[in-house]
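Trainee: Next one to model:
(one chain, ligands or ions: 1)
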Amino acid sequence: MSTSVLVLGAGFGGLELSTRLSEELGDGVDVTLIDRADSFVFGFSKLDMMFGLREPADVRLHYADITRPNVRFRHETVLAIDPEARRVVTDLDAYEADVLVVALGADYDLGATPGLAEAGHEFYSVAGAEAVREVLPSFRSGSAVVGVCGTPFKCPPAPSECAMLLDAFLRERGVREEVDITLVMPFGIPIPPSPDSSKAILARFARRGIEFVPGHAVSALDTATNEAVLADGTRLGFDLFLGIPVHRAPAVVVEAGMTEDGWIPVERYTLATRFPGVFAVGDVTSVGTPKAGVFAEDSARVVADQLIARIRGQDEPPGYDGTGVCWIEFGDHQVGRVDVDFFSNPGHPTGSFTDPSPATAAEKGEFAASRRARWFGA
Ligand SMILES: Cc1cc2nc3c(=O)[nH]c(=O)nc-3n(C[C@H](O)[C@H](O)[C@H](O)COP(=O)(O)OP(=O)(O)OC[C@H]3O[C@@H](n4cnc5c(N)ncnc54)[C@H](O)[C@@H]3O)c2cc1C
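Mentor: Residues are numbered from 1 along each chain as shown. Next comes the predicted model:
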């Protein structure tokens, strides 16, 4: 008899988990994969799309193209989760399974930052990035503020990438001299686990005239004066505000009683929740690695390998090791790389940096292409 696995969320985590179970177990598994969206977009594709480097239609990977045996995709919205019974209700159906994996990612709470929705832009959602793409070509002078509104947030390098790509975008159009760019970040340096990456980013900021305001988050936008208000009351005027909104676990997991301090706690090495047969992977957890696709994917692979071993009656495979690779866009088609390790030295993550180059840009392209092929057969 096959094991039924219900996967909530078809992002980095849900896609990798479903794919691996299908390729390893064949008819030994029956996977139902549920997502409210009809397509997947890589986080980094939002930056490409917003700066006109890729077309919106080209960055969408349609779930209808998933053809893995024993994986059934359902385009539905999860409305309720009963983790004790591993029962899930959606807008169209109800499900029960032997194993439940929650991979619902993080939602954005624009309302947590007064004025953001009215006076600013966020570029973390597909719709937000598309809206910025529309306004950027007519932004030719004034002050641009890239501002983080709260922690934790996805892909810690992304705000720095946004500032550097904006610089390159404006230079290409010959209007860079007319624009001030400021980046507001709650961290002391751009990438805290990697002083070398931070040094390289700060050097690039200095060379390109990007002002870095560390140790602050944007708590509100004053819609009357067009100023970003920082937590200590400092005000920064802006003509264009590109925000990283406050992140929250999706309401459905909070209502299910699965969260503590906002996110789903999991056993660090196995990704098991406190509910038997229920795992959680990726951004929705507080596992201790950053909210990033590479970590969501890796933790999903660990859960898949445990299930595969269990079904085959094999020994427990190695646990989640908390390491990952992040690529950093420096603009001008130059990409750097940071290899980070969050678990070896608990409380003191480390990272080593590879200088930006076209070769590393190609490596990032290869990463995306291999996922497109593996998950979508593209
Ligand atoms: C601008 C930007 C740049 C980024 N760059 C990088 C990068 O270079 N490298 C990197 O590793 N990461 C990057 N990220 C982060 C990365 O995109 C996320 O961390 C990653 O997608 C998390 O994977 P996940 O599987 O946990 O969640 P997600 O990929 O967010 O998937 C969650 C899924 O759940 C679905 N869902 C949510 N609620 C419901 C519901 N109620 N019912 C049904 N479905 C639901 C969503 O539609 C979504 O498809 C970037 C993110 C952004 C915004």
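Trainee: What's the local residue count around the closest residue to residue 251 other than its chain neighbours?
Mentor: Closest residue in space to residue 251, ignoring its immediate chain neighbours: residue 107 at 7.3 Å, by CB to CB, 6 or more residues apart in numbering. Every residue, glycine included, has its C-beta placed from N, CA and C. The number of residues packed near residue 107 is 18, by other CB atoms under 10 Å.
Trainee: How about residue 274?
Mentor: By the criterion of other CB under 10 Å, residue 274 has 12 neighbours.
Trainee: how about it, what does it touch?
Mentor: Taking CB atoms under 8 Å, 6 or more residues apart in numbering, we find residue 274 in contact with residue 265.
Trainee: Distance-wise, check it relative to the ligand.
Mentor: In this view, residue 274 and the ligand are 19 Å apart by CB to the nearest ligand atom, to the nearest Å.
Trainee: what's the answer for residue 362, then?
Mentor: In terms of CB to the nearest ligand atom, residue 362 sits 15 Å off from the ligand.
Trainee: That residue in helix, strand or coil?
Mentor: Secondary structure, DSSP: H, G, I helix; E, B strand; the rest coil: residue 362 is helix.
Trainee: What pLDDT does the model give it?
Mentor: Note for residue 362: predicted pLDDT of 96.
Trainee: Just give the closest residue to the residue of the stretch 201-350 of the chain found nearest the ligand, not the sequence neighbours.
Mentor: Residue nearest to the ligand within the stretch 201-350 of the chain: residue 282 (2.2 Å; CB to the nearest ligand atom). Setting aside the residues directly before and after it, residue 282 is nearest to residue 296 in space (CB to CB, 6+ apart), at 3.1 Å.
Trainee: Against residue 244, how distant is the residue nearest to residue 251?
Mentor: Here the criterion is CB to CB, to the nearest Å. By it, residue 107 lies 14 Å from residue 244.
Trainee: what residues does the protein put near the ligand?
Mentor: Within the chain, the positions lying close to the ligand (CB under 6 Å from any ligand atom) are 9-14, 34-37, 43-44, 46-47, 77-78, 103-105, 124, 154-155, 158, 250, 252, 282-284, 291-294, 296, 326-327.
Trainee: One more pass at 5 Å, please.
Mentor: Within the chain, the positions near the ligand by CB under 5 Å from any ligand atom are 9, 11-13, 35-37, 43-44, 46, 77-78, 103-105, 124, 154-155, 158, 250, 252, 282-283, 291-294, 296.
Trainee: Tell me which stretches of this structure form helices.
Mentor: Secondary structure of the chain (DSSP state H): helices at 12-25, 43-50, 56-59, 116-119, 126-135, 158-172, 195-208, 251-255, 293-312, 358-376.
Trainee: right, and these - which one's nearest residue 350?
Mentor: Minimum separation from residue 350 across these (CB to CB) falls at helix 195-208, 9.5 Å.
Trainee: No further queries at this time; thank you.
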